[in-house]
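J.: Please find the sequence and the predicted model below.
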Amino acid sequence: MTMAIKPQTYRFCFGPWNISEGADPYGPTTRPTQSFDWKLAKLKELGFDAMMFHDDDAVPDVDSKSDAQITKEAKELRKKLKDAGIAAEIVAPRLWFSPMTIDGAYTSNDPKARQYAIERSLRCIDIAKIIGSDLIVLWLAREGTYLRESKNGKRSVEYLVQAIDKMLAHDKKIRIAIEPKPNEPMDIAYIPTIGHALALASLTQEPKRVGALIETAHAILAGLDPADEIDFAMSFGKLWSLHLNDQNGLKFDQDKPFGSNNLRLAFNQVRALERNGYGRRGEFVAFDVHPFRTTKVEHTVDHLVNSRRTFLKLVEKVRTFDEPMAQKYIADRNYQALDQMVIEHLLGQ
Ligand code: GLO
Ligand code: MG
C-alpha cells in the first residue's frame, strides 16, 4: 500500500517595494507612498504569511546609523512582526543605491567600495538574525559592466567568492541565496543564471550554505524557461526562495503579475514546484511584482492578490492535469495531441 502524500500547501510573501508608486525612467510617481506600517497591515489583512526585506527596509538609512542604533531599530521591527504574526522571510543588502557602489559592490575596481559592500552585507546579516531570518538574498545588481574591458571577469569571480566567504564566516547559521539576473541595471551581469549561481556556490568555503532564488522575469530575460531553472536548482536541493512574476520578452524587467503574459510558462513553473515539493522545507512563494504605472491608488495591492489567486488556480490546474493521458501521448510520441491537451486544460475545457 502506498502512503498518500498530503498535497503541499503554500505560504506566501512580498516585500515593501512591491507596493510601489509607479515611477519609471521617463516619468515620476503616479501613486502616493504608503508607510511601512500600512504595508504590513495590508500584508496581514490579505492573508500573506511573511515579508521580505532589504536591510534598509528593516532599518531605514542603515548607512548613517551606529551598530547600537541598528540593533535597537531591528529589535523594534522584530516586535512589530511578532505582534502582527508575520515572519521575516529574507533580508537582502541593498548594494546598488549608494554612491560607493556606482561601479559595482563586491566587484568594484575600487577596494574601498568592495570593503563598503562587505561591511554593509555583514550588517545585513546582523539585522536578519535579529528579525528572525537565516536567509540572506544577494541580488548582484551592479556586479557586471557597461563595457567588459573595464573589469576582469576572473577577478570578479574571486571577489564574489571572497565576499560570500566573509558572510559565511560572520555567522555560522545564515544561508545565502543568490538571485541571478542577466542584465539591468548593468549591460551584462556576471551571474546571469542559476547554473552560474550554483557554480559560484561551489567555490565558497561552505557550498552547503549557498543556494539560489529564482525570479521568473530574470530567467526569461536570460532567454531561459523559468520552469527549467526551477527543476535545475531543485535537482541540487538549492531553491531556497522564489520570486514569481512575469515578463513580456526581452525588454526591461517588468515584474508583471504572475501569469500575466505567459500563462503556460506559469503553469509549467507551478508543475515544477509541485513535482519537486517546493515549500516542504519551509520555503515561501514570494511575488516580486509591481502595480502597473496606470494603477489607481485604490487598486494598489491588486497585483499581489491577483498573483496569489492565479498561483492557486494553477496549483489546481496542475493537480487536475490528466497525467495518465499525457503519458499515453508521450509514449506514442504524439506531442501534437499533448500540446492541445495542455491548451484545452488551461482553457478549462
Ligand atoms: C530586481 C530584483 C529585486 C530583488 C530584491 C531582493 O530585479 O528582482 O526586486 O529581488 O531587491 O534582493
Ligand atoms: Mg526579485
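T.: Cool, got the structure. Model, not experiment: these values are computed from the prediction. Residues are numbered from 1 along each chain as shown. Ligands and ions are numbered 1, 2, ... in the order given.

J.: going forward, measure contacts between C-alpha atoms and count neighbours the same way
T.: OK.

J.: and the gap between Pro324 and ligand 1?
T.: Pro324 sits 37 Å away from ligand 1, going by Cα to the nearest ligand atom, to the nearest Å.

J.: residues near that residue, how many?
T.: 9 (other Cα atoms under 10 Å).

J.: Secondary structure element for it, which one?
T.: Assessed by DSSP states H and E, Pro324 sits inside helix 323-331.

J.: residues of that helix that come out buried?
T.: With burial defined by 16 or more other Cα atoms under 10 Å, the residues of helix 323-331 counted as buried are 326, 329.

J.: Summarise which helices and strands that helix is packed against.
T.: Helices and strands touching helix 323-331, by 3 or more Cα pairs under 8 Å, 6 or more residues apart in numbering; DSSP states H and E, are helix 335-346.

J.: in the helix it packs on, what's buried?
T.: Neighbour-count burial for helix 335-346 flags 338, 341-342, 346 (criterion: 16+ other Cα under 10 Å).

J.: same deal with stretch 19-31?
T.: Residues of stretch 19-31 classed as buried under the neighbour-count rule (16+ other Cα under 10 Å) are 19-22, 30-31.

J.: Point out the residues in this structure that sit beside ligand 1.
T.: Contacts of the chain with ligand 1, taken as Cα under 6 Å from any ligand atom, map to 92, 137-139, 288.

J.: Would you check which pair of the residues you listed lies furthest apart?
T.: Using Cα to Cα, the two most remote members of these are Leu138 and Asp288, lying 14.5 Å apart.

J.: Tell me which of the two has more neighbours.
T.: Between Leu138 and Asp288, counting by other Cα under 10 Å, Asp288 is the more crowded of the two (26 against 20).

J.: Torsion angles phi and psi at that one?
T.: Asp288 adopts backbone torsions of phi -90, psi 70, taken as degrees, to the nearest 10.

J.: contacting residues for it?
T.: Shown in contact with Asp288 (Cα atoms under 8 Å, 6 or more residues apart in numbering): 14-15, 18, 215, 243-245, 255.

J.: next helix or strand past the helix or strand hosting Phe53?
T.: Using DSSP H and E, Phe53 falls within strand 50-54. The first helix or strand that comes after strand 50-54 along the chain, using DSSP H and E, is helix 55-58.

J.: mind checking the backbone torsions on the residue nearest to Thr33 when sequence neighbours are not counted?
T.: Of all residues not flanking Thr33 in the chain, Glu21 sits nearest, at 6.2 Å (Cα to Cα, 6 or more residues apart in numbering). Backbone torsions for Glu21, taken as degrees, to the nearest 10, come to phi -110, psi 0.

J.: Please renumber the chain so that the first residue is 837 from this point on.
T.: In the new numbering, first residue 837, that becomes Glu857.

J.: sorry, back to before: could you pick out which of the residues of the chain next to ligand 1 are located in strands?
T.: 928, 973-975 (DSSP state E).

J.: Scan the residues you listed and report the most crowded one.
T.: Counting by other Cα under 10 Å, Val973 has the largest number of neighbours within these, with 26 neighbours.

J.: what residues are up against that residue?
T.: Val973 neighbours (Cα under 8 Å, 6+ apart): 926-929, 1012-1015, 1049.

J.: One more: His1079?
T.: So, once contact is read as Cα under 8 Å, 6+ apart, His1079 ends up touching 1049-1052, 1121-1124.

J.: which secondary structure element contains the spatially most central residue of the chain?
T.: Nearest to the mean C-alpha position of the chain, by Cα atoms, centre = their mean, lies His1079 at 3.7 Å. If you go by DSSP H and E, His1079 is part of strand 1075-1080.

J.: next one: that strand to chain centre, how far?
T.: Computed by Cα atoms, centre = their mean, to the nearest Å, the chain-centroid distance of strand 1075-1080 equals 5 Å.

J.: what comes into contact with the following helix or strand past that strand?
T.: Where DSSP H and E defines the elements, the next helix or strand beyond strand 1075-1080 is helix 1099-1112. Residues outside helix 1099-1112 that contact it (Cα under 8 Å, 6+ apart) are 844, 1061-1064, 1066-1067, 1070, 1094-1095, 1147, 1150-1151, 1153-1154, 1182.
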